[in-house]
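> Whatever this is, show me its structure:
(one chain, ligands or ions: 2)
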Amino acid sequence: MALHLFNTLTNRLEPFVPLEDNIVRMYTCGPTVYDYAHIGNFRTFVFQDILRRYLRYSGYRLDHVMNITDVEDKIIRNAGQKGKSLREYTDFYIAALEEDARKLRLERPDRVVRATDHIPDMIAAIQKLGEKGITYQSDGSIYYRISGFPGYGKLSKIDVAGMRTGARVDVDEYDKADVRDFAVWKAPKPGEPFWDAPFGPGRPGWHIECSVMSMKYLGDTLDIHTGGIDLVFPHHENEIAQSEAITGKPFVRYWLHAEFLLVEGQKMSKSLGNFYTLRDVLARGHSPEAVRYLLASVPYRKQLNFTFDALQSAATAIERLRNFRLRLETERFRTGENPRLTELAGEARRQFEAGLDDDLNTAQALAAVFEYVREANTQMDAREFLEGNRAAALDLLSRFDRIFDVLEVSREGRLSTEEIERAIQERLSARKARDFAKADHIRKELADRGVILEDTKEGTRWKYS
Ligand code: AMP
Ligand code: ZN
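Ligands and ions are numbered 1, 2, ... in the order given. Below is the predicted model of the structure:
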């Protein structure tokens, strides 16, 4: 089976075929930088990272754009309260975001673009909408007349029959009860930042930002557009209305949306106050790899309930895989090849890929790897894992890590040289005292933290795994 993706637009699982050759043009709605991102936001970003990695694993080239929304209602409010300029305020949170993203090993999209660097492009797009007669001006703001776009509602399946024509909404975020004409350009309130435009001073609405930045870099029709499920309405519905009114062409071929990260059954969100930032979680001693693993382990279209127990299980799962890799790298096996294990490794790889091909079913992909690891460990204990089985096992782990990327111990989680030397001395003393259980325990603890020991004639050498 080749890659299939669930398309919110058609409400179906579809084979994925890019518009042109093997290049995938993909746009991701990036963060609104008014505060630190929480791990709910990162669930969506981790999903996007898994998608990116699996597209490349499957042989596609990527042109992936992510925007940063650095002008929007909440940003203007917060920056104003702190007496900071938009740039000053948002630069801080962008830097924080990049640091968090690095810790979570999120690959950087090919282009990361800021809304405020594209104001002239947005003004031009708003002028085009004006020429098509689909916008109107009111009190200095410009609104998109949704009754003028016949396809309005096709993504969110919203019923526009009952909508009040001519009723307007000014805020960037609103829900389905407020299906109304939305602002593409907002007149500044007193004290608010603004840009000059031929149609009067103001600032862009959130939705026009993404229509403009995606089409500028990726063309009129994108292959994939992603975001969290809460962006389907109104954000993505409005992006379609704007983009398709301008070009007359389909805007996006595959719309992909990640489900929520929950806390006790409720969406993790700033407004409910039930959120953890990555910093909060790491400060409690958890590793970024465990967070990444947990967020990636549940298929993206299923809700995922966050608990610290689940985070602990994620850490245990990673440890199991690291220990298995350590065995593969350090143990001696008898010569020959165990044909059953060879077959199992092949089957694990097939199941791993079949899982990911099925709309990125990460749970299936992980199950395939763990099933193999369990059996291989048993065979190692029984001395039935042979030298000829080593390469396929390492290959499976490396395929796993190209997507999940949790096997290397991050710098934050690494022991210092002094800590390692101290542990080695302790182990040596234990051995001298013939307390081999303790010595083994120390060796294993070091292995869990990504430090491999090698006993040589000259003494014990160590390296980071
Ligand atoms: P924002 O910075 O609020 O625009 O959100 C950035 C991304 O995080 C968007 O794609 C949201 O849909 C997504 N998001 C927000 N809250 C959650 C959550 N609890 N679970 C998963 N994704 C979320
Ligand atoms: Zn967007």
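> who's in contact with the closest residue to ligand 1 within the chain?
When scored by CB to the nearest ligand atom, the chain has residue 228 as its residue closest to ligand 1, at 1.9 Å. In short, each C-beta sits where N, CA and C put it, glycine included. Residue 228 sits next to 29, 41, 43-44, 257-258, 260 when contact means CB atoms under 8 Å, 6 or more residues apart in numbering.
> Which of these sits closest to residue 311?
residue 43 (12.9 Å; CB to CB).
> tally of neighbours for residue 344?
20 (other CB atoms under 10 Å).
> where's it, which helix or strand?
Per DSSP states H and E, residue 344 falls inside helix 339-357.
> Can you point out the buried residues in the helix or strand that that helix is followed by?
Sequence order places helix 362-381 as the next helix or strand after helix 339-357, per DSSP H and E. By 16 or more other CB atoms under 10 Å, the buried positions in helix 362-381 come out as 362, 364-366, 368-370, 372-373, 375-376, 379-380.
> if you average pLDDT over helix 362-381, what comes out?
Here helix 362-381 scores 98 as its mean pLDDT.
> Flag every residue of the stretch 201-350 of the chain that's near ligand 1.
227-228, 230-231, 258, 260-261, 267-269 (CB under 6 Å from any ligand atom).
> The same query, at a cut-off of 5 Å, please.
Contacts of the stretch 201-350 of the chain with ligand 1, taken as CB under 5 Å from any ligand atom, map to 227-228, 230-231, 260-261, 267-268.
> Now tabulate those in CSV and tack on pLDDT and secondary structure.
Output for those, formatted as CSV (pLDDT from 0 to 100; DSSP: H, G, I helix; E, B strand; the rest coil):
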residue, pLDDT, secondary structure
227, 98, strand
228, 97, strand
230, 96, helix
231, 97, helix
260, 97, coil
261, 97, strand
267, 94, strand
268, 96, coil
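> quick one: which of the residues you listed is most hemmed in?
Compared across those, residue 261 has the highest neighbour count, 26 neighbours, by other CB under 10 Å.
> Report the closest residue of the stretch 351-465 of the chain relative to ligand 2.
For the stretch 351-465 of the chain, the residue closest to ligand 2 is residue 360, as judged by CB to the ion, at 20.8 Å.
> Surely that residue is in contact with residue 300?
Yes: if you go by CB atoms under 8 Å, residue 360 and residue 300 touch, sitting 6.0 Å apart.
> which residues do those two both contact?
The contact lists of residue 360 and residue 300 share 47, 50, where a contact means CB under 8 Å, 6+ apart.
> Residue 281 reaches residue 292, doesn't it?
No: in terms of CB under 8 Å, residue 281 does not count as a neighbour of residue 292; the distance is 11.1 Å.
> neighbour count winner among these two?
residue 292 (25 against 21).
> which residues does that one contact?
46, 104-105, 404-406.
> most neighbours, which of the residues you listed?
residue 46 (27 neighbours).
> about what we covered before: which secondary structure elements does the helix holding residue 344 sit against?
Other helices and strands packing on helix 339-357, by 3 or more CB pairs under 8 Å, 6 or more residues apart in numbering; DSSP states H and E, are helix 362-381, helix 390-404.
> State the mean pLDDT of it.
On average, helix 339-357 scores 98.
> Give me the buried positions along it.
341-342, 344-345, 348-349, 351-353, 355-357.
> Using a markdown table, please lay out these together with distance to ligand 2.
Output for the buried residues of helix 339-357, formatted as a markdown table (distance: CB to the ion, whole Å):
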| residue | distance to ligand 2 |
| --- | --- |
| 341 | 47 |
| 342 | 47 |
| 344 | 44 |
| 345 | 42 |
| 348 | 38 |
| 349 | 36 |
| 351 | 35 |
| 352 | 32 |
| 353 | 31 |
| 355 | 29 |
| 356 | 26 |
| 357 | 27 |
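> possible to save those residues as CSV with distance to residue 241?
Below are the buried residues of helix 339-357 laid out as CSV (distance: CB to CB, whole Å):
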residue, distance to residue 241
341, 56
342, 55
344, 52
345, 50
348, 46
349, 44
351, 42
352, 40
353, 38
355, 36
356, 33
357, 33
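> Just give me the closest of those residues to residue 394.
Taking CB to CB as the measure, residue 345 is the one of the buried residues of helix 339-357 closest to residue 394, at 9.8 Å.
> which residues sit in contact with the closest one?
372, 376, 389, 392-393, 395-396.
> In PyMOL, how would I select just the buried ones from the residues you listed?
Those of the contacts of residue 345 that count as buried under 16+ other CB under 10 Å are selected in PyMOL with:
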select buried, resi 372+376+389+392+393+396
